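Engineer: Okay, predicted coordinates and the sequence, questions at the end:
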Amino acid sequence: MTDRYFDQIGAHFARKIYASPKGAIRLAVLTRDLEQWMQGLSSNDRPLRILDVGAGLGHVSEWLLLRGHHLTVSEPSQEMLEATRERLESITAASNVTYLQLPLQALPQRSEQYDLVICHAVLEWLADPAAALQLLSQLVAPSGAISLAFYNRDALAYKNLIKGQFHKLRANQLAGQGKRSLTPQQPLDPREMALWSSAAQLSINASSGVRVFYDYMPEPFKSQSSLEDLIDQELHYSQHPAYSHLGRYLHWWLQPAPR
């Protein structure tokens with residue numbers, strides 16, 4: 001298995017994810033979490049030094065930039081990096097952004113550490129996610145944090161159970177198929193992720209589920225629900241202990257363990 005980047009399918013990605021309720025819900029949960037969790041990173045309201053690894057189309061970067069933080073945006077796909085640059089350069093504070101066309105594996109070589117490292121929907125596309133967590137731990141300052149969102153294998157298995165696709169579960173065929181598939185090549189087991197985080201000396205200090213019910217809703221209930229109601233209920237249940245683990249993505253707040 002090799003790492004997968006999003007060259008030539010940026011428009012497909014934008015249409016399937018961010019032009020749909022899926023993307024709106026994901027952004028709403030991630031930014032709500034960041035609003036809550038970032039409060040502990042700065043005691044004097046100074047701008048944070050933030051690295052966005054695999055920034056995609058730049059939606060979270062835009063949200064952070066509008067709040068006055070200093071951003072380094074890293075994205076190995078030229079197509080996606082240019083889309084992010086186009087989005088951010090319309091913002092007055094765009095001079096606070098550094099752009100790097102680099103994969104995660106190349107970033108520790110720059111010997112930089114950040115107050116906050118954003119890594120959303122990246123590890124499930126990599127050949128070695130455990131090694132990736134070790135790299136992320138090198139990029140975060142001792143007093144900083146990592147905002148990690150990853151594709152939840154448990155949620156994908158549950159979706160297949162609901163659909164009666166037992167053959168996929170028996171054959172362990174949960175990875176995406178084909179070059180244009182947006183189902184990741186390596187959905188991640190939360191228990192393995194917890195072990196790998198611990199091995200990287202990172203503590204899980206908060207968590208949420210992203211899309212804890214929307215992806216399971218049958219039609220016509222999806223189309224009959226307003227986006228406002230969907231987001232409101234997703235936000236309400238995303239941190240509920242009975243439902244958060246069902247999120248299609250899990251959002252974790254990782255911080256370096258005390259040494």
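Structural biologist: It's in. Please read all numbers here as calculations on a predicted model, not as lab measurements.
Engineer: measure residue 202 to residue 132 for me?
Structural biologist: Distance check for residue 202 against residue 132: by CB to CB, to the nearest Å, it reads 12 Å. In this view, the C-beta of every residue, glycine as well, is placed from N, C-alpha and C.
Engineer: mind listing what's buried in stretch 157-176?
Structural biologist: By neighbour count with 16 or more other CB atoms under 10 Å, stretch 157-176 contains the buried residues 157-160, 168, 174-176.
Engineer: how far does it sit from the chain's center?
Structural biologist: Its chain's average C-alpha position is 23 Å from that of stretch 157-176, according to CA atoms, centre = their mean, to the nearest Å.
Engineer: go on, stretch 76-90?
Structural biologist: The answer for stretch 76-90 is 17 Å, by CA atoms, centre = their mean.
Engineer: ditto for stretch 82-102
Structural biologist: Relative to the mean C-alpha coordinate of its chain, stretch 82-102 is positioned 19 Å out (CA atoms, centre = their mean).
Engineer: now stretch 110-121
Structural biologist: For stretch 110-121 - counting by CA atoms, centre = their mean - the centre lies 13 Å from the chain centre.
Engineer: For the buried residues of stretch 157-176, could you give me TSV that also reports secondary structure, distance to residue 36 and pLDDT?
Structural biologist: Below are the buried residues of stretch 157-176 laid out as TSV (DSSP: H, G, I helix; E, B strand; the rest coil; distance: CB to CB, whole Å; pLDDT from 0 to 100):
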residue	secondary structure	distance to residue 36	pLDDT
157	helix	29	94
158	helix	26	95
159	helix	28	93
160	helix	32	92
168	helix	36	88
174	coil	31	81
175	coil	33	71
176	coil	31	60
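Engineer: All the strands of the stretch 151-259 of the chain, residue numbers only.
Structural biologist: Remark: strands of the stretch 151-259 of the chain, listed N- to C-terminal, are 202-210, 249-256; assignment by DSSP state E, counting those that start in this stretch.
Engineer: Minimum distance to residue 149: which of those has it?
Structural biologist: Shortest distance between residue 149 and those, using CB to CB, is found for strand 249-256: 4.6 Å.
Engineer: So which helix or strand of this protein has the lowest pLDDT on average?
Structural biologist: When each helix and strand of the chain is scored by mean pLDDT, DSSP states H and E, helix 10-13 comes last, with a mean of 50.
Engineer: Quick check: phi and psi at residue 148.
Structural biologist: Backbone torsions for residue 148, taken as degrees, to the nearest 10, come to phi -110, psi 120.
Engineer: Which positions within stretch 203-211 qualify as buried?
Structural biologist: Under the neighbour-count criterion of 16+ other CB under 10 Å, stretch 203-211 has 204, 206-211 buried.
Engineer: that older thread, in JSON lines: the strands of the stretch 151-259 of the chain, plus distance to residue 220.
Structural biologist: What follows is these, written out as JSON lines (distance: least, CB to CB, whole Å):
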{"stretch": "strand 202-210", "distance to residue 220": "24"}
{"stretch": "strand 249-256", "distance to residue 220": "25"}
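Engineer: Output those as TSV; include the columns mean pLDDT and distance to residue 77.
Structural biologist: Output for those, formatted as TSV (pLDDT from 0 to 100; distance: least, CB to CB, whole Å):
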stretch	mean pLDDT	distance to residue 77
strand 202-210	98	22
strand 249-256	98	20
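Engineer: Relative to residue 237, which of the ones you listed is closest?
Structural biologist: Using CB to CB, those put strand 202-210 closest to residue 237, at 7.8 Å.
Engineer: ok, that closest one: who's next to it in the sheet?
Structural biologist: strand 249-256 (antiparallel) (DSSP bridges).
Engineer: Using CSV, list the CA coordinates for the partner strand.
Structural biologist: As requested, C-alpha coordinates have been extracted for strand 249-256 and formatted as CSV (Å, rounded to 0.1, in the frame of the first residue of the first chain):
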residue,chain,number,x,y,z
TYR,A,249,-15.0,10.6,11.6
LEU,A,250,-13.6,10.8,15.2
HIS,A,251,-12.1,14.1,16.3
TRP,A,252,-9.5,13.8,19.0
TRP,A,253,-7.6,16.5,20.9
LEU,A,254,-4.1,15.1,21.5
GLN,A,255,-1.5,16.7,23.7
PRO,A,256,2.1,15.7,24.5
